[in-house]
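> Need the 3D shape of this:
(chains A and B)
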Amino acid sequence: MLILNCPYCGVETDETDLHAGGQAHLKREGPGSSDDDFEDYLFMRENPKGVHFERWRHVYGCGKWFHAARCTSTLEVFGTYPAQTLEPPQEICDKISQKRPGWSWGTFK
Amino acid sequence: MSTRLPKLGRLINKDKAVDFSFNGKHLRGFEGDTLASALLANDQMLVGRSFKYHRPRGVVASGAEEPNGLVNLGKGAKFEPNARVTTTELFDGLTATSQNHWPSLEFDVGAINSHLSRFMPAGFYYKMFMYPRSFWKHVYEPFIRKAAGLGKAPKDRDQDAYEHFHTHVDVLVVGGGIAGLAAAHAAGERGARVLLVEQTADWGGRAVVDTPQIDGIPAQDWIKNTVEALDKMKNVDIRLRCMGAGVYDHGYTLAYERLTDHAPDQEGPRHRLWRIRAKQIVTATGAIERPLSFAANDLPGVLLASAVRDYAVNFGVSVGDRTVVVTNNDDAYRTAITLKQAGLDVPAIVDARTKAEGDLINQARALGIRVEMGKGIAKVKGGKRVTGVAICAQAGAGAVLEEIDCDCVAMSGGWSPVVHLWSHCGGKLNWDADQVMFRPDPERAPTGADGEPFVITAGIANGHLFTAEAVSDGWAAGRAAAKAAGHTKRGAQAPMGEDAAEGQISPVWLMPQGASHDLRAKAWLDFQNDVKVSDVQLAAQEGFESVEHAKRYTTLGMATDQGKLSNINGLAILSQSLNADIPNVGTTTFRPPYTPISMASIAGVAKDDLFQPIRKTPISDWSNDNGADNEPVGQWRRPYAYVLQGESVHDAVNREVTNTRENLGLLDASTLGKLIVKGPDAGKFLDMMYTNMMSTLPVGKCRYGLMCSENGFLMDDGVVVRMAEDTWLCHTTTGGAESIHAHMEDWLQCEWWDWKVYVANVTEQYAQIAVVGPNARKLLRKLGGMDVSAEALPFMQWREGKIGDFDARVFRISFSGELSYEIAVPAGQGLAFWTALMDAGKQFGIMPYGTETLHILRAEKGFIMIGDETDGTVIPQDLNLQWALSKKKEDYLGKRAHSRSHMADPNRWKLVGLETEDGSVLPDGSYAIASGTNANGQGNTQGRVTSTYYSATLERGIAMGLVHNGPDRMGEVLEFNKVDGTTVRAKIVDPVFYDKEGEKQNV
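Model (predicted):
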């Protein structure tokens, strides 16, 4: 039962008000993409013990999708940010670097 | 013999007798008794039978860790199985019956298993029931089902009320012993909002029994003063009979309060589940005494030393007249001293340690109690209760030195801190070799959202077994928790406790240490599940080396007590068998709840009408008043059929089908999803959402559209309407309204967030009524208003205007193959419009129809239904819907997936119609049989039925199905399996059974 801060309405929301949407920062592959790229996009997911980026929707609140950066093993939340971005904000990456030196996730580090 | 002691009995009121019954026997106890203490006071040593061998079992403990004393409580609507006698408070009229025996507790046929125990070792079930395979269904499974489960499931509906309570606190303190009280006091003084919960009915934990001094006064006085002080603090809530059940992510905690279990006539809910969000949690949960493993340690009359002491001090009950104490630590000497001082006989203290010094040992010796150092119990003697013990050297193999007559054995193998709540959310443990226990590692505490610990453990639960340490540790934990929650006001000094000097505990996992196999095979670890030392050793020998594997192989710790007594002893035996250190073997995972909580408390008030909301259309009440036989469709209840008096449901459906085809039918279609998609980029967006082109749809027209997931699978369908240059109305399936709205939001917010589009779900804003049948136009003309002629409103077009006096949007679409108008009016006008249609339609033979008729009409026309023809693995091509896949669009959701090799494979199961040769209705979901078998030896299949109905129009069964290369196999006859094992032959035909040319709808 996580508590995440919705970056749109600013409220601390209980997990029961949220809907989990799986891994964040997927790059969509459409017609013309190779079979391998399309397979990666559809099925291949990070499954880290540690730093992870996830999609969440404040479904029983403002209805907005946002992203959360958190540690899957300690449940620490490094930050949440709006979903309208291709990469996590620098300040969140910096915070993660401070707490988990040498971290990497996908193409981010 | 067990009886009452005249001078002791702290918790009972000897002036107030309480009558109760056990197995039909009428017995008497006192106010303040638990069922366990009252049974013992009545010399009822035998309380149940064990799970596997049906061995006679008595009470072992005095608290939540009790493994044996499980009974059925109450009758009828108040019946409850597996109630723990040690945590059941006695009340007048309580009825209890024992469990797991036949025909009676005293004489149990199942006890034969005990004599067969050498043939039923660990893993017996896995080994025995493998072969021959055919025995599983007819012999083994019925046998296991009969043997499985303690107690009986209640037969009647639970008549009690249950509730949830949500709260936020700064500091939650679990456990109302001296450490918990000190923690709550320290946190409360600093201004934190505190909730203190204690699972039993009184405060103080063990200190009230063992009576040390705190702050220079007896513990019970200090406890009374502290509780009074807490009661007065406005920022502190304290709750008895409220157990901390589980600690979850980010400080979420469940507590389980038993409000009226002890007073069933009291008003109000029986149980309350507290759903707590705590900034900080202090677990002051104490410790549980461990049994010792010696032969026949499971006989009634062998108890934990602390339990024997509890029964004497708290309830004035002597378990036996002559008690032998057996121990590896000093604490058990308190039991000997208490009993001796109460005038009872303690023939010997058998101490496995070769040497120990301490105040308690000296005191026992001074009372004249014989202390035998370096000795152990070779075996306990007796049948259904203890009659004596055989003493041996602990260092030996069990050669008997002496036999001592006794009727009670008080055992202590040391204390294990209750680390459950600490561990639930990831807190880690360290092995403390000096104190022989796992204790929480404060460096590896559960962490919250900020990465900082949110659980602090305190007192005995933190491995501080002595009063002075426990009370000051509790105080410090409370202060630290308040500070972490942002409260730093200064408070008073920590309380100071005093302790007797005690000697060092010595680890004893088996008694005697070289016990022979015969003795080990009678030395119980898990009393409830009948796991013995020899079973764990066998598991290790057979390669189940991981503690989690050994647990499952032997069932150690898998009973309702979750191994509270057995786990540490079991893993110590496992580690010895593996020649590994205890910390390297580790513990099994501690999972919530701490002790079982009632299912009803989890449900709370969410039952019956409050289980989930029922959604109603504006016409639902009318339908219910007019014979609706409803079926659930998501949270909606839709009429399956409108049944007239004297008619079966089947008759009603046939009547509705025929009448709609011949005259006029009315369908409440209000539940269909209605999404408004609007904005400059709405057309572009819908071109991505739908497989076909929606941006080119002219204003005023309708188009049937398909939606695929990015995987290419069909997920929804419906008619899309162009309302204005920048506005579309998308109809979804009834079940899809919310999920398709969410699907659109997801893509708009997370992928194409720069597109200017918004989506509104207006499903409930409109009532939608389908007017269907050859007389449909006549009815609308009679009501007057807009021109509904074929010229003014052709098929697949829509107009906004008046029908009669009603503002209406009229869509000329048909899901039945008949002349059909779907008419949307504002929801508030829905019922009036419906009744106006019903009244005006009488002369045209109007009848309402339900969802089954809707299904049959569409199946006769070969129209697919999402959820029948699709199941998440079906693509449009499988349903011959290639025409709806745009070739002009570069991209849409699912397009790329359709070119994956398996999707593009021409050898897929495809939609066809099916006609049985005998005209019968094919069973739903039935498979078309193919020759040969697959890799698992199962028969091959070549298709399956997706929709099947009796068609009143064609007077025969019709069906649709997906068949391997189906459309290329028209006229071929397939065999379909039936539930009774026979088959039925059906011919592959065109899925459009009725009016192939569409003459009826295009008029």
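> residues making contact with the helix or strand of chain A with the lowest mean pLDDT?
None of the helices or strands of chain A scores lower by mean pLDDT, DSSP states H and E than strand A:12-14, at a mean of 94. Applying C-beta atoms under 8 Å, 6 or more residues apart in numbering or on different chains, the contact partners of strand A:12-14 are A:Met1, A:Ile3, A:Leu4, A:Asn5, A:Cys6, A:His58, A:Gly61, B:Arg277. From N, CA and C alone the C-beta is placed, and that goes for glycine too.
> One more pass at 6 Å, please.
Outside strand A:12-14, the residues that touch it by C-beta atoms under 6 Å, 6 or more residues apart in numbering or on different chains are A:Ile3, A:Leu4, A:Asn5, A:Cys6.
> Out of those, who's the most crowded?
Counting neighbours by other C-beta atoms under 10 Å in any protein chain shown, the top entry in the contacts of strand A:12-14 is A:Leu4, with 23 neighbours.
> what secondary structure does that residue sit in?
Using DSSP: H, G, I helix; E, B strand; the rest coil, the structure places A:Leu4 in strand.
> Quick check: chain neighbours aside, which residue is closest to residue 27?
No chain in the question, so chain A it is. With sequence-adjacent residues excluded and distances taken as C-beta to C-beta, 6 or more residues apart in numbering or on different chains, A:Lys27 is closest to A:Tyr41, at 6.6 Å.
> sorry, should have said chain B
B:Asn42 (4.7 Å).
> For B:Asp33, see how far away that neighbour is.
10 Å (C-beta to C-beta, to the nearest Å).
> Show me which of the two is the more surrounded one.
More neighbours surround B:Asp33 than the other of B:Asn42 and B:Asp33, with 27 against 18 (other C-beta under 10 Å).
> one step back: centre of the chain to the least confident helix or strand of chain A, how far?
Relative to its chain's centre, strand A:12-14 lies at 16 Å (C-alpha atoms, centre = their mean, to the nearest Å).
> What strands flank that strand, and is each parallel or antiparallel?
Next to strand A:12-14 in the sheet, as set by DSSP bridges, lie strand A:3-5 (antiparallel).
> Please parse chain B into its domains.
Domain assignment of chain B by automatic domain parsing yields the ranges B:8-156, B:162-287+B:417-484, B:291-358+B:371-409, B:523-584, B:620-671+B:765-858, B:673-764, B:861-989.
> Quick one: closest of these to B:Pro592.
Among the domains of chain B, domain B:162-287+B:417-484 comes nearest to B:Pro592, with 2.6 Å by C-beta to C-beta.
> so how far is the closest one from its chain's centroid?
25 Å.
> For it, give the mean pLDDT please.
Averaged over domain B:162-287+B:417-484, pLDDT sits at 96.
> same thing with stretch B:844-854?
98.
> can you give me the end-to-end distance of it?
20 Å (C-alpha to C-alpha, to the nearest Å).
> got the buried residues for that stretch?
B:Phe844, B:Ile846, B:Met847, B:Pro848, B:Tyr849, B:Gly850, B:Thr851, B:Glu852, B:Thr853, B:Leu854 (16 or more other C-beta atoms under 10 Å in any protein chain shown).
> In the stretch 901-1003 of chain B, which residue sits nearest chain A?
Per C-beta to the nearest C-beta, B:Ser901 is where the stretch 901-1003 of chain B lies closest to chain A, at 7.9 Å.
> how about the nearest residue to that residue, chain neighbours excluded?
A:Asp35 (7.9 Å).
> Centre of the chain to the helix or strand B:His743 falls within, how far?
Assigned by DSSP states H and E, B:His743 falls within helix B:737-750. Helix B:737-750 sits 30 Å away from the centroid of its parent chain (C-alpha atoms, centre = their mean).
> what about it and chain A, touching?
Yes - using C-beta under 6 Å from any C-beta of the partner chain, we find that helix B:737-750 touches chain A at B:Gln749, B:Cys750.
> following that helix, which helix or strand shows up next?
Remark: after helix B:737-750, the chain's next helix or strand is strand B:758-761, criterion DSSP H and E.
> May I have the strands that pair with the following helix or strand past that next one, each with its orientation?
Next along the chain after strand B:758-761, taking DSSP H and E as the criterion, comes strand B:766-772. Strand B:766-772 pairs in its sheet with strand B:664-668 (antiparallel), strand B:820-826 (antiparallel), by DSSP bridges.
> Ranking these by mean neighbour count, which comes first?
Most buried of the strands paired with strand B:766-772, by mean neighbour count (mean count of other C-beta atoms under 10 Å in any protein chain shown): strand B:664-668, with a mean of 26.
> tell me which parts of the stretch 201-350 of chain B are close to chain A?
Neighbours of chain A within the stretch 201-350 of chain B, by C-beta under 6 Å from any C-beta: B:Tyr248, B:Asp249, B:His250, B:Tyr252.
> quick one: which of these is most hemmed in?
Among those, the one with the most neighbours (other C-beta under 10 Å) is B:His250, at 24 neighbours.
> pretty sure that one is touching B:Thr447, no?
No - with contact defined as C-beta atoms under 6 Å, B:His250 and B:Thr447 do not form a contacting pair (9.2 Å).
> which intervals of chain A have sub-threshold pLDDT?
For chain A, no stretch is flagged by pLDDT under 70.
> who's sitting farthest from the centroid in it?
For chain A, the largest distance from the centre (C-alpha atoms, centre = their mean) belongs to A:Gly32, which lies 27.1 Å off.
> before we move on, the earlier item: generate JSON lines for the strands paired with strand B:766-772, with mean pLDDT as supplementary columns.
Formatted as JSON lines, those follow (pLDDT from 0 to 100):
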{"stretch": "strand B:664-668", "mean pLDDT": "98"}
{"stretch": "strand B:820-826", "mean pLDDT": "98"}
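> Kindly reformat the ones you listed as CSV containing distance to B:Gly244.
Formatted as CSV, the strands paired with strand B:766-772 follow (distance: least, C-beta to C-beta, whole Å):
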stretch, distance to B:Gly244
strand B:664-668, 50
strand B:820-826, 53
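> could you list every residue that touches B:Arg896?
If you count contacts by C-beta under 6 Å, 6+ apart, B:Arg896 has them with A:Gly30, A:Pro31, A:Phe38.
> now what about stretch B:172-188, what contacts it?
Residues outside stretch B:172-188 that contact it (C-beta under 6 Å, 6+ apart) are B:171, B:194-198, B:203, B:205, B:207, B:226, B:230, B:233, B:235-236, B:244, B:253, B:276, B:278, B:281-286, B:421, B:458-459, B:470-471, B:474-475, B:477-479, B:481-482, B:495.
> Just the ones of those residues in helices?
B:207, B:226, B:230, B:421, B:470-471, B:474-475, B:477-479, B:481-482 (DSSP state H).
> On the three-state scheme, B:Thr97 is what?
B:Thr97 ends up strand, using three-state DSSP.
> measure it to B:Val47 for me?
B:Thr97 is 11 Å from B:Val47, by C-beta to C-beta.
> So for the two, which residue has more residues nearby?
For B:Thr97 versus B:Val47, neighbours defined as other C-beta under 10 Å are more numerous around B:Val47 (27 against 18).
> Report the separation between that one and chain A.
38 Å (C-beta to the nearest C-beta, to the nearest Å).
> Mind checking what helix or strand follows the helix or strand containing that residue in sequence?
Secondary-structure assignment from DSSP H and E places B:Val47 in strand B:46-49. Moving toward the C-terminus from strand B:46-49, the next helix or strand (DSSP H and E) is strand B:56-58.
> any idea of the mean pLDDT in the next helix or strand after that next one?
In the C-terminal direction, the helix or strand that comes right after strand B:56-58 (DSSP H and E) is strand B:70-73. Averaging pLDDT along strand B:70-73 gives 92.
> The next helix or strand after strand B:70-73 pairs with which strands, and in what direction?
Once strand B:70-73 ends, the next helix or strand along the chain (criterion: DSSP H and E) is strand B:80-84. Strand B:80-84 sits in its sheet next to strand B:70-73 (antiparallel), going by DSSP bridges.
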